[in-house]
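> Structure for this input, please:
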Amino acid sequence: MALFEVLAPRRPLRYGRGRRWVTNLAIVVIDSAILRVVFPMAAVGAALWAQTRGYGLFPALGVPPLVASVIAFVVLDFAVWFEHLVSHKLPVLWRIHRMHHADPDIDLTTALRFHPLEILISMVWKAAIVVALGAPALAVLVFEAVLNGGAMFNHSNVRLPGWLEAALRPVVVTPDMHRVHHSVIGCETDSNYGFNFSFWDRLCRTYVAQPQRGHEGMTIGLSSFQSAAPTGIVWSLLLPFRENTADGDEQEERQAPTEPVNRS
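Have a look, this model is predicted:
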């Protein structure tokens, strides 16, 4: 995807790679280290733990492994979509999640830019779903791999051919679709929450087809932090704890009505 971004970029980066990449890659290293300590086997470990004890809905109902795997993949994808939606709606979770949105550019490393607290919360949520379902461990492993790969794909700064965009978007979240979610315009930030399947946003009426200002003209990030500050590692990790007078204005802007958006 990094090579693809160089060969077919969708839009110029305002702050380039340099410091942004160092920060975003450092964040994922920190996330991985913390996760390894708190959840040594992560969601797959939760699935193995539940499996050895016969816990979960699927074992209780005697659901065949293949059917259980398919259902688990779909349910987990919706669970991640719902978690993402809630992280925008609850102020305490938004303070954590906004570190992801503070990136003033968007490329494949933005997919790695999640605060350690958000990673831990997300893992607890996914583990709870996995145990409740009794999801097969292999299905959970496949889901985690697809989720991470899909996130780097749909955050990437690439220009897909029109025919490929049209073919993928009804089912898969494309870079153009997810880029809308990183707009500074409130009604666009509060849309297109999907990471893998695109139809959750269509079904739940949170889908916006295109940014109001176009992909080349749109502004990425948060209106309160339009500077190089979010490209720093310390600034980014401290953001959830920072008392910022711009927070109120930011919340008002996200909730304020704007011109009609294209949901077709």
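> for the stretch 151-264 of the chain, what are the low-confidence residue spans?
The model of the stretch 151-264 of the chain has pLDDT under 70 over residues 244-264.
> Do a quick rundown of the helices in it.
162-168, 175-181, 186-189, 199-203, 214-217, 233-238, 246-255 (DSSP state H, counting those that start in this stretch).
> Next: the stretch 1-150 of the chain.
Using DSSP H, counting those that start in this stretch, helices in the stretch 1-150 of the chain cover 2-7, 18-38, 42-53, 57-61, 65-89, 91-101, 116-133, 137-154.
> wait, which of those helices is closest to residue 191?
Taking Cβ to Cβ, helix 65-89 is the member of the helices of the stretch 1-150 of the chain nearest to residue 191, at 9.7 Å. (C-beta placed from N, C-alpha, C; glycine too.)
> Return the distance of the closest one from the chain's centre.
13 Å (Cα atoms, centre = their mean, to the nearest Å).
> what comes up buried for it?
Going by neighbour count (16 or more other Cβ atoms under 10 Å), the buried part of helix 65-89 is 68-69, 71-73, 75-81, 83-85, 87-88.
> just stretch 34-43 next, same as before
35, 39, 42, 43.
> now stretch 140-149
Going by neighbour count (16+ other Cβ under 10 Å), the buried part of stretch 140-149 is 140, 143, 146, 147.
> hmm, back to that, between the helices of the stretch 151-264 of the chain, which one is closest to residue 28.
Residue 28 lies closest, by Cβ to Cβ, to one member of these: helix 233-238, at 11.4 Å.
> low-confidence ranges in the stretch 1-150 of the chain?
Within the stretch 1-150 of the chain, no stretch falls below the threshold (pLDDT under 70).
> mind putting the helices of the stretch 1-150 of the chain in JSON lines, distance to residue 184 included?
Output for the helices of the stretch 1-150 of the chain, formatted as JSON lines (distance: least, Cβ to Cβ, whole Å):
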{"stretch": "helix 2-7", "distance to residue 184": "22"}
{"stretch": "helix 18-38", "distance to residue 184": "17"}
{"stretch": "helix 42-53", "distance to residue 184": "33"}
{"stretch": "helix 57-61", "distance to residue 184": "41"}
{"stretch": "helix 65-89", "distance to residue 184": "14"}
{"stretch": "helix 91-101", "distance to residue 184": "9"}
{"stretch": "helix 116-133", "distance to residue 184": "20"}
{"stretch": "helix 137-154", "distance to residue 184": "19"}
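> Which among these is found nearest to residue 202?
Smallest distance to residue 202 across the helices of the stretch 1-150 of the chain (Cβ to Cβ): 11.5 Å, for helix 65-89.
> Which neighbouring elements make contact with that closest one?
Helix 65-89 sits against helix 57-61, helix 91-101, helix 116-133, helix 137-154, helix 199-203, with contacts defined as 3 or more Cβ pairs under 8 Å, 6 or more residues apart in numbering; DSSP states H and E.
> Find out how far the first one is from the centre of the chain, if you would.
Centroid separation for helix 57-61 versus its chain: 30 Å, with Cα atoms, centre = their mean.
> and for that helix, what are the contacting residues?
51, 63, 68, 71, 72, 132, 133, 134, 135, 136 (Cβ atoms under 8 Å, 6 or more residues apart in numbering).
> Identify the residues contacting the last one.
Right, residue 136. Here residue 136 is in contact with 47, 51, 58, 65, 68, 69, 72 (criterion: Cβ under 8 Å, 6+ apart).
> Turn the helices and strands packed on helix 65-89 into a markdown table, columns for distance to residue 18.
Putting these into a markdown table (distance: least, Cβ to Cβ, whole Å) gives the following:
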| stretch | distance to residue 18 |
| --- | --- |
| helix 57-61 | 47 |
| helix 91-101 | 19 |
| helix 116-133 | 23 |
| helix 137-154 | 19 |
| helix 199-203 | 33 |
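> and residue 6, which of the ones you listed is closest to it?
Per Cβ to Cβ, nearest to residue 6 of the helices and strands packed on helix 65-89: helix 137-154, 14.8 Å.
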